[in-house]
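K.L.:
The sequence and its predicted three-dimensional model are supplied below.
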Amino acid sequence: MTSLATRVEASPVAPADAEALAALFEREGCPCYCRYWHFAGTSKEWEARCAFERSKSRDELLEAVRARSVEGEGLVARLASRPGEIVGWLKLTPRAALTKLLARSPYKGLADEPGAGAAAEVLAVGCLLIDPRERRHGIARALVDAAIAEARRRGARALEAYPRDAREPVHDAELWMGPRPVYDDAGFEAVRGDGGQYPVLRKRLE
């Protein structure tokens, strides 16, 4: 029997994918449209945008993908049976582009750690979203594997991920940086915060 994972195709997002990618966020009911790490306002302002102005985030995602901006870089997953629909998204971008993430206490000083390489040499997984109808079928794993291959192709020294290691059961949508077991299985190692809720996982590519 053919598994779903063997029917998943993961590839770098293209400008023509913008609307289909936005539709993935809408099926999840996710108002962020992968804009949180690039939002300059306060937490309360972000909450207000998500509640009342989500179209702004949608427009910014469309613009970033169509312009091939660093804020719109990533990989999309499709099923061979539904090639016109995007069922998974992994934001893959230089770690240095995630300035808001790097300002948070669990991640401060990452670029200065010995052995981490220069900031420009480290790529990061900034978001991992799977269509709610297709979860637990290997799509996240396919995207992470594709991200490792793409990071190698781009000459990165390492690929980092920042999953929430929840101590209690949480809804799938709350694991918006991806589930930790997927990264563990792909050979990522904890380099900070192991045992806490916000570990830093790194896959060395040298």
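P.N.:
Great, that's in hand.
K.L.:
ok, and the helix or strand in this protein with the lowest average confidence?
P.N.:
Between all helices and strands in the chain, the lowest mean by mean pLDDT, DSSP states H and E belongs to helix 99-102, at a mean of 92.
K.L.:
next helix or strand past that helix?
P.N.:
For helix 99-102, the following helix or strand on the C-terminal side (DSSP states H and E) is strand 122-130.
K.L.:
Averaged pLDDT, whichever helix or strand comes after that following strand. What do you get?
P.N.:
Proceeding N to C from strand 122-130, the next assigned helix or strand is helix 139-153, under DSSP H and E. Across helix 139-153, pLDDT averages out at 96.
K.L.:
Start at 18, not 1
P.N.:
With 18 as the first residue, the last one maps to helix 156-170.
K.L.:
and residue 28, bridged to which residues?
P.N.:
Beta bridges link residue 28 to residue 93, judged by DSSP bridges.
K.L.:
my read: it touches residue 163, true?
P.N.:
Yes - between residue 28 and residue 163 there is a contact under CB atoms under 8 Å: 7.5 Å. All C-beta spots, glycine's among them, are computed from the backbone N, C-alpha and C.
K.L.:
Looking at those two, which is more packed in?
P.N.:
Legend: neighbour count by other CB atoms under 10 Å for residue 28 and residue 163, higher for residue 163 (21 against 12).
K.L.:
Next, show the common contact partners of residue 28 and residue 163.
P.N.:
Counting by CB atoms under 8 Å, 6 or more residues apart in numbering, the residues touching both residue 28 and residue 163 are residue 92.
K.L.:
And the contacts of the least confident helix or strand of the chain?
P.N.:
Outside helix 116-119, the residues that touch it by CB under 8 Å, 6+ apart are 53-56, 112-113, 124-125, 127-128, 141, 143, 179.
K.L.:
Buried ones only from those residues, please, as a ChimeraX command.
P.N.:
Buried residues within the contacts of helix 116-119, by 16 or more other CB atoms under 10 Å, are selected in ChimeraX with:
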select :53,54,55,56,112,113,124,127,128,141,143,179
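K.L.:
any chance of the contacts of helix 116-119 in a markdown table, with distance to residue 70 and pLDDT too?
P.N.:
Formatted as a markdown table, the contacts of helix 116-119 follow (distance: CB to CB, whole Å; pLDDT from 0 to 100):
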| residue | distance to residue 70 | pLDDT |
| --- | --- | --- |
| 53 | 14 | 95 |
| 54 | 18 | 94 |
| 55 | 15 | 95 |
| 56 | 11 | 95 |
| 112 | 28 | 93 |
| 113 | 28 | 89 |
| 124 | 27 | 91 |
| 125 | 29 | 89 |
| 127 | 31 | 85 |
| 128 | 32 | 70 |
| 141 | 27 | 96 |
| 143 | 21 | 96 |
| 179 | 26 | 96 |
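K.L.:
In the contacts of helix 116-119, find the pair that's most separated.
P.N.:
Greatest spatial distance in those: 56 and 128, 21.1 Å, computed using CB to CB.
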